[in-house]
Each structure stands twice: as C-alpha cells, then as structure tokens.
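> Here's a sequence, model it:
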Amino acid sequence: MRVAMWGLKGGVGTTSLVAMLGDALSQLGESVLLIDLNPSDVLRLHFGIPYSDACGWALTHATEGDAWSGQAYHIKDELFVLPYGRHGNVPTTMRRSSLEGEAFWARAVERLGNEYSWVIFDLPSGGEDYLALRQPGALDVMVARPDIVSDVLLVQCPLMPGTRLLVNQHEPMYRLESDVLLSWQHHYGSRILPVRIGQDESIHEALGHKMPATSYLPASAGAHDMLSLATWCIAQRGVQS
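Numbers count the residues shown, from 1 in each chain. Presented below is the predicted three-dimensional model:
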C-alpha cells in the first residue's frame, strides 16, 4: 500500500513521522520501504545513514537509470530506506526532466508495490509536488500543527478528495491550539485522522541518537501514538484497495 505524507508547511515534523510510521509498521510485521523525495535529504538521519554519504536515488537515477533502486538501505528486518542523495555535478536540466517527473514515480511505485507491503513517500511540504502519488489508491496524509499560521494556510491548501489531516505536536494545555483544532473538526470533519501525535520531546531526542522514537524510546507517548496510527493504517488497507 502507498502512503504519501507531506506537511502543510515546513517544520511540522513530517519527516520524523514518516520515519516513525515506517518503523512502527515494521514492528507490526509489515515490510516497508521509505522513500525521501526532499532534496534536503534528511530522512536518512533518523536511521543513522551518514549525511556525508551522498548516495541516494536522485543522482543514481540521473546517471545510471534503473540502478537507483539499489540505493536502498536495509535498516532491519522488514524496513528499508531510500535516501534522496545529492545531485553532485548532474546538470540542472537532467535533474528536472528525470528526477521530478510524475510519470517516473507513477511507474516505479507499481513495481515497488509488488516488493513491499508499504511504500511511504516523504513529500515536499505544500502539497503541490508529486500529485500522481496522492491519487486514489494511496493514503494521502497532510501533516499540520494546530496553530494560527496553519489555520490560514489550510484554507488555501490543494486538498484532494481523499486527503486526510494528521494533527502533530498537539499540546492540549494550550487553549489557542484547542480552539484551532475545534474549528478544524467543524470544517474538515472526517478528513481529520482519529489518531493525533502529541507534543513529545522524546521524538527530538531520538533524532539526536539517529533513531525514530518508536525504537529509541518505545515507551514514550509519541511512540504509542505512532503505533496507534500504524494500526489504523493497516485497518485502512482493505478500504483503499
């Protein structure tokens, strides 16, 4: 099954959630491939893959074609990560034509879907890129924190009919956040996922140790929230197929 996860804006923790979701699904016995589609190439940091290692799908696909799939790292049983990598000296024209093509990933995801139970894409924020990966047949998940800026941006955001909203970094003690969330529940109703990820410092601490919190601090509130989300995703598999 395919999951396209993207942030309403930058800095809402999307990449951390992608890492945790993939890790949680693998803990539940699911085979998972995580793919970083962000040129910042930071998903690798959650799994101890050195940033000094520029290997990844982007440069390899531009220079060697289908060999890009061999750049995936085997993290542990049932969990693989495909970093973005760095372009190096690849011409800009080549990058745009081969690295950002919707048709390329639409074809690639068909093959990957036969190899893994879950293919989870970490998409750029804003919801304007890789629209084909968010089409029916995928879980299209937008990540947002319930704050004023997000409340304004959400009205202008290109939501698809199946787009779901995952609330992250929610702190119930802050009245303003609770008011924003109440407004979202009124206006977006069933789009909001039944699982929310609370504000949890252990998620940031885990990144400092180059691990997702679901493995580094499995007893943390964030890890429990993510295991609940992973369980919900598995339940949706039959609905989306």
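> mean confidence for the helix or strand containing Cys233?
Counting by DSSP states H and E, the element that carries Cys233 is helix 221-240. In this model, helix 221-240 carries a mean pLDDT of 90.
> Kindly report the same for stretch 43-52.
94.
> With stretch 179-196 instead?
94.
> cool, and stretch 57-76?
Computed over stretch 57-76, the average pLDDT equals 79.
> Show me how far that stretch is from its chain's centre.
19 Å (Cα atoms, centre = their mean, to the nearest Å).
> Quick one: end-to-end distance for that stretch.
The straight-line separation of the ends of stretch 57-76 (Cα to Cα, to the nearest Å) is 20 Å.
> tell me the SS of the nearest residue to Ala213 once chain neighbours are set aside?
Leaving out its chain neighbours, the residue that sits closest to Ala213 by Cβ to Cβ, 6 or more residues apart in numbering is Ala206, at 4.0 Å. Using the backbone N, CA and C atoms, a C-beta is placed for each residue, glycine as well. Of the three states, Ala206 takes helix under DSSP: H, G, I helix; E, B strand; the rest coil.
> Looks like Ala206 contacts Met226 (just checking).
No: using Cβ atoms under 8 Å, Ala206 is not in contact with Met226, being 11.1 Å away.
> ok, back up a step: ok, now which ones touch the residue nearest to Ala213?
His46, Pro212, Ala213, Ser215, Tyr216, Leu217 (Cβ atoms under 8 Å, 6 or more residues apart in numbering).
> try His209
Going by Cβ under 8 Å, 6+ apart, His209 touches Tyr216.
> Please report how far it lies from Ser190.
His209 is 37 Å from Ser190, where distance means Cβ to Cβ, to the nearest Å.
> Now for Ala206 and Met226: what residues contact both?
With Cβ under 8 Å, 6+ apart as the test, Ala206 and Met226 both reach Ala213.
> Apart from its chain neighbours, what residue comes closest to Val149?
Lys9 (6.8 Å).
> what about that neighbour, neighbour count?
Lys9 has 17 neighbours, counted by other Cβ atoms under 10 Å.
> where's it, which helix or strand?
Using DSSP H and E, no helix or strand contains Lys9.
> Now do the strands in the chain.
2-7, 32-36, 73-76, 79-82, 118-122, 138-144, 164-170, 197-198 (DSSP state E).
> who wins for proximity to Pro50 among those strands?
Closest to Pro50 of these, according to Cβ to Cβ: strand 73-76, at 10.5 Å.
> Tell me which residues of the closest one come out buried.
Tyr73, Ile75 (16 or more other Cβ atoms under 10 Å).
> again with stretch 176-196
Going by neighbour count (16+ other Cβ under 10 Å), the buried part of stretch 176-196 is Glu177, Val180, Leu181, Trp184, Arg191, Ile192, Leu193, Val195, Arg196.
> can you give me the helices in this protein?
With DSSP state H as the criterion, the chain has helices at 14-27, 57-64, 92-94, 102-112, 148-156, 175-188, 201-208, 213-216, 221-240.
> closest one to Arg86 among those helices?
Going by Cβ to Cβ, the one of those nearest Arg86 is helix 57-64, 6.3 Å.
> before we move on, back to that, just put the contacts of Ala206 in a markdown table and tack on neighbour count and distance to Gly162.
Listed next are those as a markdown table, based on neighbours: other Cβ atoms under 10 Å; distance: Cβ to Cβ, whole Å:
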| residue | neighbour count | distance to Gly162 |
| --- | --- | --- |
| His46 | 27 | 27 |
| Pro212 | 28 | 26 |
| Ala213 | 30 | 28 |
| Ser215 | 21 | 30 |
| Tyr216 | 19 | 32 |
| Leu217 | 19 | 32 |
